[in-house]
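>>> sequence and predicted structure, then a few things I'm wondering about:
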Amino acid sequence: RFAVLAAKIDNQATPPAELAESYGDMGRLFMVAEYLDAAEPCFANAATLVARDMRWPYFLGHIYRLRNQPEAAAAYFERALERQPDHLPAVLWLGEVYLADNRPDQAQTHLARAAAIQPGWAAAAYGLGRLALARKDFKQALTQFERTIELAPQASSVEYPLGLAYRELGNA
């Protein structure tokens with residue numbers, strides 16, 4: 001893939017969209033291999049070449065999320081949503097980044113929007129449960145975590161926060 005990218009960079013006749021795809025392919029490969037420092041400029045170049053494509057700011061959002069830079073991650077997820085407002089994963093991840101950055105009001109907006117766009121999505125219910133738990137609204141957390149298990153019975157990661165909600169409500 002690197003050889004293909006290098007050839008397209010060297011060829012002045014390569015259309016920008018095609019070059020952006022090659023940069024994006026290389027960036028995704030680096031990202032999967034956890035070479036975030038190498039993936040970042042690939043996605044940035046792709047975003048520069050094709051500014052209206054939401055994929056590149058979306059992937060940059062993940063780069064910054066994985067680096068634990070929530071402000072930068074949020075900015076890129078917001079850019080992705082400017083380009084494609086109904087992109088459900090970007091809506092959810094923006095809510096998750098705000099939750100991780102202790103910005104519960106912004107998290108609520110996006111997590112609730114994700115749940116409204118796709119009511120049967122376990123990830124949205126789980127995010128809303130985590131938000132309720134952070135706000136110490138244990139009844140709401142319990143409701144959302146039970147909904148998560150109903151939607152995705154195999155989701156074992158919900159068991160611990162569900163247990164916390166039960167415990168806080170007096171049910172050990």
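Great, that's in hand. Residues are numbered from 1 along each chain as shown.
>>> longest helix of this structure, counting residues only.
Once the chain is assigned using DSSP state H, the helix that runs over the most residues is helix 16-32.
>>> for it, packing partners?
The helices and strands touching helix 16-32, judged by 3 or more C-beta pairs under 8 Å, 6 or more residues apart in numbering; DSSP states H and E, are helix 2-10, helix 36-49, helix 55-66. The C-beta positions use only the backbone N, C-alpha and C, and glycine is treated the same way.
>>> list the buried residues of that helix.
Neighbour counts using 16 or more other C-beta atoms under 10 Å place 19-31 of helix 16-32 among the buried residues.
>>> just the angle between the lowest-mean-pLDDT helix or strand in the chain and helix 16-32, please?
When each helix and strand of the chain is scored by mean pLDDT, DSSP states H and E, helix 2-10 comes last, with a mean of 93. Note on geometry: by axes from the mean of the first three to the mean of the last three C-alpha atoms, to 10 degrees, helix 2-10 and helix 16-32 are set 150 degrees apart in direction.
>>> and helix 2-10, what other elements does it pack with?
Helix 2-10 sits against helix 16-32, with contacts defined as 3+ C-beta pairs under 8 Å, 6+ apart.
>>> how far does the helix it packs on sit from its chain's centre?
19 Å (C-alpha atoms, centre = their mean, to the nearest Å).
>>> try stretch 1-20
28 Å.
>>> measure it end to end?
End-to-end distance of stretch 1-20: 13 Å, with C-alpha to C-alpha, to the nearest Å as the criterion.
>>> check which residues of it are buried.
Within stretch 1-20, the residues that qualify as buried by neighbour count (16+ other C-beta under 10 Å) are Leu5, Lys8, Thr14, Leu19, Ala20.
>>> now do stretch 69-81
Neighbour count says stretch 69-81 has Pro70, Ala73, Ala74, Ala75, Tyr76, Phe77, Arg79, Ala80, Leu81 buried, by 16+ other C-beta under 10 Å.
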